[in-house]
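Asks: what's the 3D shape of this:
(one chain, ligands or ions: 1)
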Amino acid sequence: MAAKIIDGKAFAAKIRGEVATHVARLKEEHGLTPGLAVVLVGEDPASQVYVRSKGKQTVEVGMNSVEHKLEPDTSEADLLSLIERLNADPAIHGILVQLPLPDHLDSDLVINAIDPAKDVDGFHISNVGLLGTGQKSMVPCTPLGCLMMLREEHGSLSGLDAVVVGRSNIVGKPMAQLLLGDSCTVTIAHSRTKDLPEVVRRADIVVAAVGRPEMVPGDWIKPGATVIDVGINRIEGEGGKTRLVGDCHYESCAAVAGAITPVPGGVGPMTIACLLANTVTACCRANGLSEPD
Ligand code: NDP
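Replies: Numbers count the residues shown, from 1 in each chain. Modelled structure (predicted):
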């Protein structure tokens, strides 16, 4: 039986609708408009596309969007002083520094300069620690989106075997923490994992966050498993055109899995929707108001 396709685009639209309702209520009842500042250093084309898309969607749900586009050779001191200003600005509730940063800038230093309460990407070391210890934190947007889709699909995740392929700080590790928080039995696989196909075959839930086009074939997937494909890879398509594919080989995985996210239209749209939701959460927390569910 063919897998159910998990429609991340539709799910993300639903979340954006809920965010817009909450934003309208914040304005009406408290005179508050959540504000998101996005900082882009340099001219990486993919980052420019992401930043544009984030800005557009922020405005569409009724929030304020502020974009700071800095020259590629911006000094660390200048970037840090901008972050300091944004930290102190009461109209800004969320700050996102688009990664990757140019090589001369220390990403860890920059991210850790953001006020953790405004760190809507959830990458600040305080938020990482809070998530790891099961405390209230800002949760990284991509793994949060994956978790929401999994909960929607399964209801309870308790006791399920989950394999996360990839151990990056922005996807793999926080994803594993979230699955553990939902009582999955979690395995984190990476480039040194022995017999990856066998490891993946054990999983009820496979989250692939590798960055290698179509690396996971269908014969690695346990029949009926749920496959969440985080990968976004641009490859040569027919007629010299490029196309986007995930880290899983879609057709063969969809033939075996119980449910699967497509690329594009799966995890990607959920990431920005979760960023908007995190910004509303940050605004509510900053003002001592109850948070959205
Ligand atoms: P990273 O490059 O930071 O991490 C990749 C991980 O994959 C590493 O842990 C690496 O292992 C592991 N890996 C590499 N090769 C293999 C292999 N052959 N077998 C098993 N594991 C392997 O990537 P990110 O986590 O930042 O991103 C992963 C993918 O997700 C990318 O395609 C990216 O574009 C996409 N992405 C999508 C987002 C979205 O919104 N949908 C958001 C963020 C990322 P090791 O640590 O041993 O090197």
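
Asks: drop to CA atoms for contacts and neighbour counts, all remaining ones
Replies: Will do.

Asks: Please report the distance of residue 17 from the ligand.
Replies: Going from residue 17 to the ligand by Cα to the nearest ligand atom, to the nearest Å gives 19 Å.

Asks: OK, contacts around that residue?
Replies: residue 61 (Cα atoms under 8 Å, 6 or more residues apart in numbering).

Asks: Okay, and the nearest residue to residue 276 once chain neighbours are set aside sits in which element?
Replies: Spatial nearest neighbour of residue 276, chain neighbours left out: residue 58 (6.5 Å); criterion: Cα to Cα, 6 or more residues apart in numbering. When elements are assigned from DSSP states H and E, residue 58 belongs to helix 45-60.

Asks: Is residue 113 part of a helix or strand, or is it coil?
Replies: coil (DSSP: H, G, I helix; E, B strand; the rest coil).

Asks: in this protein, which ranges drop under the pLDDT threshold?
Replies: 1 (pLDDT under 70).

Asks: Is any residue of stretch 172-192 near the ligand?
Replies: Yes. Using Cα under 6 Å from any ligand atom, we find that stretch 172-192 touches the ligand at 172, 190-192.

Asks: Just the buried ones among the residues you listed, please.
Replies: Among the residues of stretch 172-192 next to the ligand, those buried by neighbour count (16 or more other Cα atoms under 10 Å) are 172, 190.

Asks: could you redo the residues of stretch 172-192 next to the ligand as TSV and give each row distance to residue 85 and secondary structure?
Replies: Converted to TSV, these look like this (distance: Cα to Cα, whole Å; DSSP: H, G, I helix; E, B strand; the rest coil):
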residue	distance to residue 85	secondary structure
172	31	helix
190	38	coil
191	40	coil
192	42	coil
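
Asks: Dump the residues of stretch 172-192 next to the ligand to CSV, plus distance to residue 32.
Replies: Formatted as CSV, these follow (distance: Cα to Cα, whole Å):
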residue, distance to residue 32
172, 35
190, 44
191, 46
192, 49
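
Asks: Quick one: name the residues of the stretch 51-200 of the chain near the ligand.
Replies: 142, 165-168, 170-172, 190-192.

Asks: before we move on, what SS does residue 156 have?
Replies: Following three-state DSSP, we place residue 156 in the coil state.

Asks: List the residues that contact it.
Replies: So residue 156 contacts residue 182 (Cα under 8 Å, 6+ apart).

Asks: Let me see the contact set for the closest residue to the ligand within the stretch 1-150 of the chain.
Replies: Nearest to the ligand, among the residues of the stretch 1-150 of the chain, is residue 142, at 5.3 Å (Cα to the nearest ligand atom). Listed by Cα under 8 Å, 6+ apart, the contact set of residue 142 reads 170-171, 267-268, 270-271, 274.

Asks: what's the burial count for residue 88?
Replies: 12 (other Cα atoms under 10 Å).

Asks: With residue 29 instead?
Replies: Look at residue 29: counted by other Cα under 10 Å, it has 8 neighbours.

Asks: How about the one 3 residues further on?
Replies: Residue crowding around residue 32 was assessed by other Cα under 10 Å; the count is 17.

Asks: thought it was touching residue 26?
Replies: Yes. In terms of Cα atoms under 8 Å, residue 32 counts as a neighbour of residue 26; the distance is 5.4 Å.

Asks: And the helices in the stretch 51-200 of the chain?
Replies: 76-88, 107-111, 125-132, 141-154, 172-181, 196-201 (DSSP state H, counting those that start in this stretch).

Asks: So which elements touch the third one?
Replies: Which is helix 125-132. helix 172-181 (3 or more Cα pairs under 8 Å, 6 or more residues apart in numbering; DSSP states H and E).
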